[in-house]
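Chemist: test case, fold it:
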Amino acid sequence: MGYAGADFGGLLKVMREARRISQSKLAERADFDHSYVSRLESGARMPTRDAVERLASALTMAQAEEDGLLAAAGFLPRDVSSLLSGEPVLGEVLDLLQNDSVPAEYRDNIRQVLRLLTEQARFAVRPRDQDGLTGVAA
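Modeler: Numbering: from 1, shown residues only. A predicted model of the protein is given here:
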């Protein structure tokens, strides 16, 4: 499920309503004041990471849903690769970089190639007027 860009309050409300749980019942399950969930859903308050995790637990969310809720609140999810679900190659690269059975030399080479590709991409998108190729003809 992709939740990138979703506002936290709206997403929390959708997830809560999908489970047919009232705001007060969710607050009770997560051990919050009854008005706290209302303030979160309206955007009047932003949660701490602990609060998001407590709400996810109270809603018995799957890890991917919890990660989406964490991301919507501005926190890194537990499984960072879930952010890369639309970019499977990047997820594979991340797995390789974190795999200790891949020799350190290979992991360092991957990092170096990624740095070079990043530099090339930055060069390609820099404003073209810096190199004198654009201008207004009089």
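Chemist: quick one, longest helix in this protein?
Modeler: In the chain, assigned by DSSP state H, the helix with the most residues is helix 104-125.
Chemist: the lowest-mean-pLDDT helix or strand in the chain vs helix 104-125, what angle?
Modeler: Here the helix or strand of the chain ranked lowest by mean pLDDT, DSSP states H and E is helix 88-98, holding a mean of 82. Per axes from the mean of the first three to the mean of the last three CA atoms, to 10 degrees, the angle that helix 88-98 makes with helix 104-125 is 140 degrees.
Chemist: let me see the domain layout of the chain.
Modeler: 8-79, 87-127 (automatic domain parsing).
Chemist: could you tell me the end-to-end distance of the longest one?
Modeler: Just to be clear, that refers to domain 8-79. One end of domain 8-79 sits 18 Å from the other (CA to CA, to the nearest Å).
Chemist: before we move on, the earlier item: out of the domains of the chain, which is the most enclosed?
Modeler: Of the domains of the chain, the one with the most neighbours on average (mean count of other CB atoms under 10 Å) is domain 8-79, at a mean of 17. All C-beta atoms are positioned from the backbone trio N, CA, C, and that covers glycine.
Chemist: tell me how far it lies from the chain's centre.
Modeler: 15 Å (CA atoms, centre = their mean, to the nearest Å).
Chemist: if I look at the closest residue in space to Arg107 that isn't next to it in sequence, how far off is Pro88?
Modeler: Nearest non-adjacent residue to Arg107, counting by CB to CB, 6 or more residues apart in numbering: Leu97, 5.5 Å away. For Leu97, the distance to Pro88 equals 15 Å [CB to CB, to the nearest Å].
Chemist: equivalent analysis for Gly74, please.
Modeler: From Gly74 to Pro88 the distance is 25 Å (CB to CB).
Chemist: equivalent analysis for Arg78, please.
Modeler: According to CB to CB, Arg78 stands 19 Å off from Pro88.
Chemist: now swap in Ala73 and tell me
Modeler: 25 Å.
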